[in-house]
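1. Give the three-dimensional model of this entry:
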Amino acid sequence: MIAEGLLVVSVCAAGIYSLIPRTDSFRKNKIKKDWHKIMEVTKTKNTLNETFEIKSIEVYRYDSFDLRAKIPAGLTPDSLKKIEKILEYSFGGDVDISWDKYKGDIVVKVNKDPIVIRERIKKRWESILSSKEVRNTYKQYFDIKDVVLNSNSSYILEITTPISLSKESINSFKALVEKNLKGDVLDSFHNEENNIYISISHKLVL
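-> You can find the predicted model right below:
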C-alpha cells in the first residue's frame with residue numbers, strides 16, 4: 001500500500017511538473033503569434049520584407065514577459081517605438097522598449113502587474129487634472145479615488161471633488177476628458193454628487 005501510494009504521488013508530481021514547461025511554451029507561442037501579427041498589420045518591416053524576429057522570450061507572473069528581438073537591416077529601435085502604444089493595447093500591459101547595444105538586440109518588457117498598470121493610469125490622469133489650466137478653470141482640485149481595471153482592456157476612473165460641479169462644468173469636464181483620451185474611447189461618463197465615474201477602453205482590432 002505504501003509503495004502504491006508513493007507510486008501514485010510520484011506519477012502525479014511528474015504529471016504536474018510536465019505541465020509547467022508546457023504552459024510556458026503555450027504562452028510563448030501565443031506571444032510569438034501575436035507579435036508577428038502586429039508586425040504584419042503595422043507593416044513594421046524593411047524593403048526586404050524583414051521584421052523584428054524574436055530571439056528569446058522570458059515569461060513571468062501576471063502574464064508579464066521580456067522579449068528579445070533581432071534588429072533587421074534598415075530598421076532601428078525607433079521603428080518599434082513608433083508602435084509602442086499598439087503593443088501596449090495588444091498585449092494589455094505597460095511596455096518598455098530599449099536597445100542592448102552590446103548584443104545588438106531590441107528588448108521589449110511587457111509588465112501586466114495590475115498594481116503597475118493602475119499606478120501608470122493614475123499618474124497620467126493626475127498630471128492632466130492637476131494642470132494650471134484645469135485648476136484655473138474649475139477653481140478646485142480633482143482627486144482620483146480609485147482606478148478599477150476590467151478584463152476587457154478597459155478601466156474605470158473614480159474622481160472626487162470638494163464641491164459638486166454644475167451641469168455646465170460637468171459637460172466641460174467631460175470635454176476635457178475626451179480631449180485627453182489619446183486614441184482611447186470614452187465608454188461612459190456620469191456623476192453622483194461629488195463623485196465622477198469615467199469608463200475608458202482601448203479599441204484596437206488587429
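
2. How about Ser188: what's its closest non-neighbour residue?
-> Ser199 (4.3 Å; CB to CB, 6 or more residues apart in numbering). Every C-beta, even on glycine, is put in place using the N, C-alpha and C of the backbone.

3. and the one you found, what element?
-> strand 195-201 (DSSP states H and E).

4. again, but for Ser25
-> Taking DSSP H and E as the criterion, Ser25 maps to helix 2-41.

5. Could I get the buried residue list for stretch 30-42?
-> Buried positions in stretch 30-42, judged by neighbour count with 16 or more other CB atoms under 10 Å: 31, 35, 38-39, 42.

6. pLDDT on it, on average?
-> Averaged over stretch 30-42, pLDDT sits at 96.

7. mind giving me the domain split of this structure?
-> Under the assignment automatic domain parsing, the domains of the chain span 2-112, 115-201.

8. any idea which of those scores lowest on pLDDT?
-> domain 2-112 has the lowest average pLDDT among those, namely a mean of 84.

9. centre of the chain versus that domain, how much separation?
-> 14 Å (CA atoms, centre = their mean, to the nearest Å).

10. Strands of this structure, start to end?
-> Per DSSP state E, the chain carries strands over the ranges 53-59, 65-70, 94-100, 105-111, 143-149, 154-160, 185-192, 195-201.

11. Could you point out which of the ones you listed sits nearest Ser127?
-> With CB to CB as the criterion, Ser127 lies closest to strand 143-149 of those, at 10.7 Å.

12. Next, the closest residue to Glu193 other than its chain neighbours: phi, psi?
-> If the residues on either side of it in the chain are set aside, Glu193 comes closest to Ser164, at 5.5 Å by CB to CB, 6+ apart. Torsion angles at Ser164 (phi, psi; degrees, to the nearest 10) stand at phi -60, psi 140.

13. Confirm for me that Ser164 is in contact with Asn194.
-> Yes - with contact defined as CB atoms under 8 Å, Ser164 and Asn194 form a contacting pair (5.3 Å).
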